[in-house]
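1. just coords:
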């Protein structure tokens, strides 16, 4: 690699809002997206919410001359909705499906059926290994009473761990996607602290687009305005995040967002705004690019966010166990009812009603059984994430000169964790 | 690192057969296992089928002085059954839960409820990074008519991919566990070809134990003899596999198995045999340790096994789609029945019978709906694995000077794949 080496990467990210039968003007928007991508010629296009595989195949055909490489990440029942188009050959790809992703009985929210995931692409560009990740986390349906908060925090952690463990030999790491997290939300801080990724919007000196970099804005005609009532400017939940290994310097030269309308025709491409970043990778003396691995001095924010996440997951765990207990009681009551009905049917009396009620009672027991099993599995998964957090917390503590108070608090927290684990 | 550097690793692996209420003499066997492990002092102990967390906590307490570090991998409803005990500090751990793992309606087999997974531990030993993996794949209940074959092949691929992507910076890679695969089975070959892992039993010059290294032997009093009818010597389904990066040489100095009885008391520790390996890592000129990455000359076995796996997954996919179609028909018939019953109930006539049959019909539609969704998800996951295999196959082809015949066959296979994907 020459000392004058420099690599420019043009990146495009969009949550496409491509729900068959539900999203407005889907076919037209997909067509216009294809035209736009062909015209602009990015290095890498990362898309979310392409729920229809037909849309992906349409785009693949349309974009083939400009983006010869493409991949659609399949998972769950509906699919992850994630896909990528690349101007450069894709060396490798794989994916990780999040173990926690909402509740199957919340059919109207639908996230559980999607199999939300993170997709990984490995590209070799100018002698560098680029690991590009695309993801879409569980939606936030109510900010005031967010029943999915623990799941989203767990997803953010799984995402961070997946990046951490699969990018150890990568020179450049890029993460794009719809995190469904505001910049200061716990999940976002956890992800950034554990992976060392930088936020293109915060880093760039040349930003053009919506106010505060928002990716859901009231100006967009497809946005449900009620959802943005509390955020007059909009919300920023889609991200371009990056980092490079020591010895390389990565910067975001320019970052653009659409502003509620297509850059050319005036009609939006989606209910989200697209992100268009130009990243520049070049050689650097180490001081230009602080290492993403945390030294003792940098540990404090990591420890704080880990402890915050630990507490959040603990609350989620209590909730999961509460639901499992309720389901257990319902199973018990259902079984008692079944025995009573059998006795009534055998003894004559209100035989017909007993027989009539027998099948719904079996249904009740089976339904409660499924509910119980689901929440038991939820509790196990939350326990697993909490154990990983606790271990990282322990390792972080070892390298940090903690004050006696915080040491004690941490110890108490850990003891609580141990007790909870042993339950 | 000194040129005379040498690292010895004593490894223990056992499928513990620890099913609460079902496995014979569980408490006694767990106790004796703890005593044995304390006496022998291994570097790393990797256990499978520790289904009860109480058993893990009992062992953790008992082994604490000899093995200060431990971890239990939680997943699914019952758990992955995987746990580890280490003499050395565990730097990091994480896990990957397999996306395909049998069928929830095969309750008597139970694998689906376990959440089978692969656990990863990162250890730093004498300046080397050791990635140790522990896993347990889906059981094989019938070798003649194995309905889980596609799932086990998919698990072997996910396992291989997880190792491939998470071990890129590891100096030494170790995989232990119950693969439920015979040495020449497709999944086992796929795993070894894609990861470059070596089989301790095949590599060592000093083996002591059961004939042909079998880990389920008829001499073991807990083994169901009928399962081994076709294998008079036993079967080898538990493994110690390893590799090291170029520049390091790893060898298996000794490998021992138990032989149907406890090494000391005479009663078996489990229905599986334990594996005890002494591995030695030292510096080496590159030619001593062939690189695990495949050069053109080594591609042929990889290509063959990838194509074989592709075909197997294709059959699994056809099967999944067939079940989804059947479920679709049942849903349709159930809905027709419901409409008829409503009409009968409204029109009088056999009103009581109509009302009586209404709830079971709703149950039928809901059950078939769940069945349909499950097999749709199965098909998506198989498609995903097939797409990854196909991509690796394509990359392998690029580096191999294929004969025109095989080139054409591969092309035909890929075209078939493309067509299938577009369906």
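-> Arrived safely. Worth saying up front: this structure is predicted, and the values here are computed from it rather than measured. Numbering: from 1, shown residues only, chains lettered A, B, ... in the order given.

2. Check chain A for its longest strand and report it.
-> Ranked by residue count, the top strand of chain A under DSSP state E comes out as strand A:6-18.

3. Setting aside sequence neighbours, what's the nearest residue to residue A:160?
-> In space, residue A:160 comes closest to residue A:194 once its chain neighbours are excluded; the distance is 4.2 Å by Cβ to Cβ, 6 or more residues apart in numbering or on different chains. From N, CA and C alone the C-beta is placed, and that goes for glycine too.

4. what do you get for residue A:118?
-> Nearest to residue A:118 is residue A:135, by Cβ to Cβ, 6+ apart, at 4.1 Å.

5. and that neighbour, what element?
-> Assigned by DSSP states H and E, residue A:135 falls within strand A:128-136.

6. rewinding a little: give the next helix or strand downstream of the helix or strand hosting the residue nearest to residue A:160.
-> Assessed by DSSP H and E, residue A:194 sits inside helix A:186-195. Sequence order places strand A:198-199 as the next helix or strand after helix A:186-195, per DSSP H and E.

7. Give me the contacts around that following strand.
-> A:183, A:192, A:239-243, A:250 (Cβ atoms under 8 Å, 6 or more residues apart in numbering or on different chains).

8. near chain B too, which of those?
-> Near chain B, judged by Cβ under 8 Å from any Cβ of the partner chain, there are no entries from the contacts of strand A:198-199.

9. Report whether stretch A:303-321 contacts chain B.
-> No: figure legend: stretch A:303-321 not in contact with chain B (Cβ under 8 Å from any Cβ); closest approach 11.3 Å.

10. Tell me which residues of that stretch come out buried.
-> Neighbour-count burial for stretch A:303-321 flags A:303, A:305-307, A:309-310, A:312-314, A:316-317, A:319-321 (criterion: 16 or more other Cβ atoms under 10 Å in any protein chain shown).

11. before we move on, back to that, give me the pLDDT value at the residue nearest to residue A:118.
-> Here the pLDDT value assigned to residue A:135 is 98.

12. Next, residue A:147: phi, psi?
-> phi -70, psi -10 (degrees, to the nearest 10).

13. residues near it, how many?
-> 15 (other Cβ atoms under 10 Å in any protein chain shown).

14. cool, and residue A:277?
-> With other Cβ under 10 Å as criterion, residue A:277 counts 26.

15. Can you name the residues that contact it?
-> So residue A:277 contacts A:9-11, A:13, A:200, A:204, A:240, A:252, A:254-256 (Cβ under 8 Å, 6+ apart).

16. Got the phi and psi for it?
-> Residue torsions, per degrees, to the nearest 10, at residue A:277 are phi -120, psi 140.

17. What pairs with the longest strand of chain A, parallel or antiparallel?
-> strand A:44-50 (parallel), strand A:275-283 (antiparallel) (DSSP bridges).

18. so can I have JSON lines of the buried residues of stretch A:303-321 showing secondary structure and pLDDT?
-> Listed next are the buried residues of stretch A:303-321 as JSON lines, based on DSSP: H, G, I helix; E, B strand; the rest coil; pLDDT from 0 to 100:
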{"residue": "A:303", "secondary structure": "helix", "pLDDT": "92"}
{"residue": "A:305", "secondary structure": "helix", "pLDDT": "95"}
{"residue": "A:306", "secondary structure": "helix", "pLDDT": "95"}
{"residue": "A:307", "secondary structure": "helix", "pLDDT": "94"}
{"residue": "A:309", "secondary structure": "helix", "pLDDT": "96"}
{"residue": "A:310", "secondary structure": "helix", "pLDDT": "95"}
{"residue": "A:312", "secondary structure": "helix", "pLDDT": "95"}
{"residue": "A:313", "secondary structure": "helix", "pLDDT": "95"}
{"residue": "A:314", "secondary structure": "helix", "pLDDT": "95"}
{"residue": "A:316", "secondary structure": "helix", "pLDDT": "95"}
{"residue": "A:317", "secondary structure": "helix", "pLDDT": "95"}
{"residue": "A:319", "secondary structure": "helix", "pLDDT": "95"}
{"residue": "A:320", "secondary structure": "helix", "pLDDT": "95"}
{"residue": "A:321", "secondary structure": "helix", "pLDDT": "96"}
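
19. any idea how far residue A:381 lies from residue B:80?
-> Between residue A:381 and residue B:80 the computed distance is 11 Å (Cβ to Cβ, to the nearest Å).

20. can you list residues touching both of the two?
-> With Cβ under 8 Å, 6+ apart, residue A:381 and residue B:80 have common neighbours residue B:74.

21. need the contact list for the residue in the stretch 201-350 of chain A positioned nearest to chain B.
-> With Cβ to the nearest Cβ as the measure, residue A:324 is the residue of the stretch 201-350 of chain A nearest to chain B, at 10.4 Å. By Cβ under 8 Å, 6+ apart, the contact set of residue A:324 is A:372, A:375-376, A:379.

22. closest to chain B among those residues?
-> Nearest to chain B among those, with distances taken as Cβ to the nearest Cβ, is residue A:376, at 5.3 Å.

23. need the contact list for that closest one.
-> Per Cβ under 8 Å, 6+ apart, neighbours of residue A:376: A:320, A:324, B:77.

24. Ok, residue A:94 next?
-> A:119-120, A:166, B:161, B:165, B:388.

25. again, only using 7 Å
-> Applying Cβ atoms under 7 Å, 6 or more residues apart in numbering or on different chains to residue A:94 gives the contacts A:120, B:161, B:165, B:388.

26. Tell me the one of those nearest residue B:340?
-> Checking the contacts of residue A:94 against residue B:340 by Cβ to Cβ gives residue B:388 as the nearest, at 46.3 Å.
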